[in-house]
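Engineer: I would like the atomic coordinates for the input below:
(one chain, ligands or ions: 1)
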Amino acid sequence: MAGGGFVSSGQVGNYEGRVTGFVIITCLVAATGGLIFGYDIGISGGVTSMDEFLEKFFPQVYKKMKNDSGNVNQYCKFENHLLTLFTSSLYLAALVASFFASATTSALGRKVSMTIGGVIFLIGAVLNGAAQNVQMLIVGRILLGIGIGYANQSVPVYLSEMAPPKLRGALNIGFQMATTIGIFGANLVNYGTAKMQHNGWRVSLGLAGVPAVIMTVGSIFLPDTPNSLIERGKKEKAREMLQKIRGTPNVDEEYSDLLEASEAAKEVEHPWRNIMERKYRPQLVITCLIPLFQQFTGINVIMFYAPVLFKTLGFGDDASLMSAVISGLVNVFATTVSIFSVDRFGRRALFLEGGLQMLAAQIGVGVLIGLVFGVSGEGSFSKGLGNLALILICVYVAAFAWSWGPLGWLVPSEIFPLEIRSAGQSINVSINMFFTFIIGQLFLSMLCSMKFGLFFFFGGWVLIMTTFVYFFVPETKNVPIEEMNRVWKNHWFWGQYIPDDAVGLANHHHKLDV
Ligand code: BGC
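Structural biologist: Predicted coordinates for the structure are as follows:
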């Protein structure tokens, strides 16, 4: 889940209630929140491979590309820091904005943050679509990033509070699903607009405004969550709201749990100090490493730069964008696999299988590119080898989409006890955004200097993270959050960090959301 703010409480209360219209609207909000995030991930690579766009904003890159008569170092064709800054500035802005967003979200409510996010994002989309110079482009990207920071912080919190507890886990992966649909939509749009004589890139960038308008307007009409109303002292209104969204007057049990949880949350004065305590070491380490590892799978090399990468490999314009459409579609379909298997086979099985599959595909791509382009970077793919490269990349994307994609967000949200939950979530989101920025910024230079070895580099990371999961990440499938301490205590390594008295003390706040 791209936002990472979900908390899927393991304990599902036996609350009454049904799936109401509100819950359905909630899913739609999830969709627009995920869509705007995914659209941004997918759009810039296609745009930066369009001639007219490069000629206007990045003339040096354009010249280097056009001078290419086959005997140029293909690996370095697109290397340009301003070009990568166009892609990656968004994630740095999102990282900074998510800290402000978390204050807004608790003081003024989730709705307000969503509206703020939607409006800023919209201004960014307009600036990008109308851009006359690089400055406008990058300022626009930064505004999109601020919008994403707000949306990714507030939408997931909103969702986890609106959803009946039973649907919370499914919605978590639903957000990731929406993200992949957004990426795929962007790939499709690029494929279409690249065929336009002029200004195709403007349409690609400007269309980001469509899901943003839906989210902004939607957020104005959405009701506040009961949790947020309680947090802001409006207790009676909170009860009425809960009755409305659950479709039953009988909400006493859930309501008193919410009240209790809110009281408990107020008592947590120093979550940042708490999280440093020795007994939280397992959670702290895992929460720092999972987002880092997720980005070091190298997935965003494909998501951001697929069209550029395929062009580097000598594919034509059309074929490059088409290949991005294909890998985007594989990403969407493979995500559904995780939805069906995550509670059946468990998180570890998916992590381990996905890791091995990614590793095999990365070695394959590295060897293939090495054989054809060598160290000098001169050469080109035959049609057959080009197709083989595309298939290997799809095998890799599929493996990511049912392992590290959704689990990179789901697992950290399942392991925190209440007293460190919000701090843990912030760490998870910000580390993810930070490394997304790093990969976005460095990839084109890394390709230029490491050449085909880049694929072995990411393969090496996948080997490390898969080994890490094998030894250090316990299974969280079907484990209620308050039972997690028992899991840590029984773990061969983490057990030493858990004091004996931490096990068996049922955490009576287990039904708290966020
Ligand atoms: C990751 C993104 C990535 C996306 C691909 C998400 O889980 O956080 O960085 O682009 O998956 O589908």
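Engineer: can you tell me the SS state at residue 250?
Structural biologist: The three-state label for residue 250, taken from DSSP: H, G, I helix; E, B strand; the rest coil, comes out as coil.
Engineer: got the phi and psi for it?
Structural biologist: Dihedral angles of residue 250 (phi, psi; degrees, to the nearest 10) stand at phi -90, psi 80.
Engineer: gap between it and residue 17?
Structural biologist: 8 Å (C-beta to C-beta, to the nearest Å). All C-beta spots, glycine's among them, are computed from the backbone N, C-alpha and C.
Engineer: for the closest residue to residue 89 other than its chain neighbours, which residues are in contact?
Structural biologist: What sits nearest to residue 89 in space, not counting adjacent residues and going by C-beta to C-beta, 6 or more residues apart in numbering, is residue 141, at 4.8 Å. Shown in contact with residue 141 (C-beta atoms under 8 Å, 6 or more residues apart in numbering): 86-87, 89-90, 93, 124, 128.
Engineer: just the residues you listed now: which is nearest residue 267?
Structural biologist: Nearest to residue 267 among the contacts of residue 141, counting by C-beta to C-beta, is residue 93 at 33.8 Å.
Engineer: and the closest residue to that closest one other than its chain neighbours, how many neighbours?
Structural biologist: The shortest distance from residue 93 to any non-neighbouring residue, by C-beta to C-beta, 6+ apart, is to residue 145 (2.8 Å). When neighbours are counted by other C-beta atoms under 10 Å, residue 145 registers 27.
Engineer: same thing with residue 198?
Structural biologist: If you count neighbours by other C-beta under 10 Å, residue 198 ends up with 7.
Engineer: between the contacts of residue 141, identify the one with the most neighbours.
Structural biologist: Scoring the contacts of residue 141 on neighbours with other C-beta under 10 Å, the highest-scoring entry is residue 90 at 30 neighbours.
Engineer: chain center to the helix or strand containing it: distance?
Structural biologist: Under the criterion DSSP states H and E, the helix or strand holding residue 90 is helix 81-108. The gap between where helix 81-108 is centred and where its chain is centred comes out at 13 Å by C-alpha atoms, centre = their mean, to the nearest Å.
Engineer: pLDDT added to the contacts of residue 141, as JSON lines?
Structural biologist: Formatted as JSON lines, the entries for the contacts of residue 141 read as follows, by pLDDT from 0 to 100:
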{"residue": "86", "pLDDT": "87"}
{"residue": "87", "pLDDT": "85"}
{"residue": "89", "pLDDT": "90"}
{"residue": "90", "pLDDT": "92"}
{"residue": "93", "pLDDT": "94"}
{"residue": "124", "pLDDT": "96"}
{"residue": "128", "pLDDT": "96"}
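Engineer: from those residues, which is closest to residue 75?
Structural biologist: Compare each of these with residue 75 using C-beta to C-beta and the shortest gap goes to residue 87, at 18.0 Å.
Engineer: residues touching that closest one, list them.
Structural biologist: Shown here is residue 87, whose contacts under the criterion C-beta under 8 Å, 6+ apart are 44-45, 48, 141, 304-305, 440-441.
Engineer: any idea how far it is from the ligand?
Structural biologist: As judged by C-beta to the nearest ligand atom, to the nearest Å, residue 87 and the ligand stand 12 Å apart.
Engineer: show me where pLDDT drops low in the stretch 1-150 of the chain?
Structural biologist: Within the stretch 1-150 of the chain, the ranges that satisfy pLDDT under 70 run 1-14, 16, 68-72.
Engineer: give me the residue from it nearest the ligand.
Structural biologist: Distance from the ligand to each residue of the stretch 1-150 of the chain (C-beta to the nearest ligand atom) is smallest for residue 41, at 4.6 Å.
Engineer: which helix or which strand is home to that residue?
Structural biologist: Residue 41 belongs to helix 21-47 when assigned by DSSP H and E.
Engineer: could you list the buried residues of that helix?
Structural biologist: For helix 21-47, the buried set under the neighbour-count rule, 16 or more other C-beta atoms under 10 Å, comprises 22-23, 25-27, 29-47.
Engineer: now do residue 437 against the ligand, distance only.
Structural biologist: Relative to the ligand, residue 437 is positioned 11 Å away (criterion: C-beta to the nearest ligand atom).
Engineer: if we can go back for a sec, which one's more surrounded, residue 250 and residue 17?
Structural biologist: Neighbour comparison, residue 250 and residue 17: the larger count goes to residue 17, with 18 against 12 (by other C-beta under 10 Å).
Engineer: if we ignore the residues flanking it in sequence, what's nearest the more buried one?
Structural biologist: Beyond its immediate neighbours in the sequence, the residue positioned closest to residue 17 (C-beta to C-beta, 6+ apart) is residue 246, lying 3.2 Å away.
Engineer: circling back to that earlier point, nearest to residue 379, of the contacts of residue 141?
Structural biologist: Sorting the contacts of residue 141 by how near they are to residue 379, with C-beta to C-beta, puts residue 87 at the top with 26.3 Å.
Engineer: in stretch 123-135, which residues are buried?
Structural biologist: Of the residues in stretch 123-135, 123-129, 131 count as buried by neighbour count, 16+ other C-beta under 10 Å.
Engineer: what does stretch 322-339 give?
Structural biologist: Neighbour counts using 16+ other C-beta under 10 Å place 322-332, 334-335, 337-339 of stretch 322-339 among the buried residues.
Engineer: inside helices: which ones of these?
Structural biologist: For the buried residues of stretch 322-339, membership in helices holds for 322-332, 334-335, 337-339, with DSSP state H as the criterion.
Engineer: between the residues you listed, which is nearest residue 80?
Structural biologist: Sorting those by how near they are to residue 80, with C-beta to C-beta, puts residue 324 at the top with 19.8 Å.
Engineer: tell me which element the residue nearest to that closest one when sequence neighbours are not counted is part of?
Structural biologist: For residue 324, ignoring the flanking residues on the chain, the nearest one in space by C-beta to C-beta, 6+ apart is residue 306 at 4.0 Å. When elements are assigned from DSSP H and E, residue 306 belongs to helix 299-312.
Engineer: what lies in contact with that helix?
Structural biologist: Here helix 299-312 makes contact (C-beta under 8 Å, 6+ apart) with 41-42, 44-46, 48-49, 74-75, 77-78, 87, 183, 187, 190, 317, 319-321, 323-324, 327-328, 331, 390, 393, 396-397, 400, 404-405, 436, 439-440, 443-444, 447, 454, 458.
Engineer: that older thread, max pairwise distance over the contacts of residue 87: which two?
Structural biologist: 141 and 305 (15.4 Å).
Engineer: what residues does this protein have near the ligand?
Structural biologist: Along the chain, the residues adjacent to the ligand under the rule C-beta under 6 Å from any ligand atom are 2, 41, 176, 179-180, 183, 294, 299-300, 303, 331, 405, 408, 432, 436.
Engineer: what do you get if the cut-off is 8 Å, keeping everything else the same?
Structural biologist: Applying the criterion C-beta under 8 Å from any ligand atom, the portion of the chain that neighbours the ligand consists of 1-2, 38, 41, 176, 179-180, 183, 291, 294-295, 299-300, 303-304, 331, 335, 400-401, 404-406, 408-409, 432, 436.
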